[in-house]
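> show me the folded form of this:
(one chain, ligands or ions: 1)
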Amino acid sequence: MPRRRILDELRNPPPVVLPSLLLCDFGNLAAEVRAVEAAGARALHLDVMDGNFVPNITYGMPIVAAVRRVTDLPIDVHMMVAKPAAFVDEIIDAGADIVTIHAEATDDPRPILEHVRSRGACASLAINPPTPIEAIADALPLCDMVLCMSVMPGFGAQEFESVALDKLRALKSLRGDSLLLEIDGGVNAQTVAQCTAAGAQMLVVGSAIFKSQKPYAESLAELTRLAATGTQ
Ligand SMILES: O=C(CO)[C@H](O)[C@H](O)COP(=O)(O)O
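The predicted structure follows:
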């Protein structure tokens with residue numbers, strides 16, 4: 001989908017809860033993707049980890065391409081890799097609509113963000129909990145989205161770190177609605193309203209969907225409803 005259309009769709013209220021496939025049943029990947037889409041997901045979040053930038057390995061382009069084959073939903077690919085420049089083209093070719101690279105993985109993210117946009121995808125920059133927003137000030141004009149991590153990346157089901165909320169508030173006051181803001185890590189029924197109150201429109205959720213006893217539709221509806229309360 002073209003960049004402008006993706007951004008318009010995602011900016012539409014209410015906030016967007018993105019299932020993070022990190023915690024899905026990979027033995028039934030296509031069925032899991034179809035199930036969260038049928039449950040009301042408006043976009044999907046895929047975590048690419050290289051065992052170098054983070055202490056875990058997940059998957060790469062073949063899984064992104066496999067997800068692309070079963071859905072037209074926007075795919076947000078979070079690249080937790082040490083050399084993002086080497087892989088962004090292949091990730092876009094595999095079907096990513098939003099490409100998120102880490103500020104900590106590169107001295108200057110600007111050429112990569114520009115390149116992502118030149119390929120027609122949305123450019124996004126992630127920062128880990130200890131990284132201040134000042135570290136990405138020069139790159140902000142080239143970002144369609146900023147992801148404030150609320151855990152150290154690498155694993156699901158970690159405890160929410162509220163330092164991300166201060167950064168969301170600061171980014172919101174700097175850039176208003178021109179920048180999509182995303183949060184990832186420990187987002188659940190207890191924390192989601194704080195995230196939207198701080199300015200997040202994109203809410204990445206892993207364990208509170210895939211490890212919940214509730215049906216996906218129920219979890220997604222509850223999280224979306226609670227997320228909307230934070231915007232009132
Ligand atoms: O990027 C991630 C970890 O690096 C995951 O997307 C994230 O942590 C989601 O899982 P949970 O909602 O269980 O925290």
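> every contact and neighbour count from this point should use C-alpha atoms.
OK.
> give the contact list for Leu203.
Taking C-alpha atoms under 8 Å, 6 or more residues apart in numbering, we find Leu203 in contact with Pro15, Val16, Val17, Leu18, Glu182, Ile183, Asp184, Val187, Val192, Cys195.
> mind listing what's buried along stretch 130-140?
Using 16 or more other C-alpha atoms under 10 Å as the test for burial, stretch 130-140 gives Thr131, Ile133, Ile136, Ala139, Leu140.
> wasn't Ala30 part of a strand?
No - note on Ala30: no strand contains this position according to DSSP: H, G, I helix; E, B strand; the rest coil, which reports helix.
> which ones are touching it?
Here Ala30 is in contact with Ala66, Val67, Val70 (criterion: C-alpha under 8 Å, 6+ apart).
> what residue, apart from its backbone neighbours, is nearest the first one spatially?
Nearest-residue entry for Ala66: Ala30, 7.7 Å, with adjacent residues in sequence omitted and distances by C-alpha to C-alpha, 6 or more residues apart in numbering.
> so which bits of this structure are right by the ligand?
Within the chain, the positions adjacent to the ligand are 20, 47, 153-158, 184-187, 205-207 by C-alpha under 6 Å from any ligand atom.
> list only buried entries from these.
20, 47, 153-157, 184-187, 205-207.
> and which of those residues is nearest to Arg119?
Asp47 (20.5 Å; C-alpha to C-alpha).
> ends of stretch 153-171, what's the gap?
The first and last residues of stretch 153-171 sit 20 Å apart, counting by C-alpha to C-alpha, to the nearest Å.
> now it: how far from the chain's centre is it?
12 Å (C-alpha atoms, centre = their mean, to the nearest Å).
> what sits up against it?
Applying C-alpha under 8 Å, 6+ apart, the set of residues contacting stretch 153-171 from outside is 22-23, 49, 54-56, 80, 128-129, 132-133, 148-151, 181, 183, 185-187, 191, 194-195, 198-200, 206-207.
> just the buried residues of the residues you listed.
22-23, 49, 54, 80, 128-129, 133, 148-151, 181, 183, 185-187, 191, 194-195, 198-200, 206-207.
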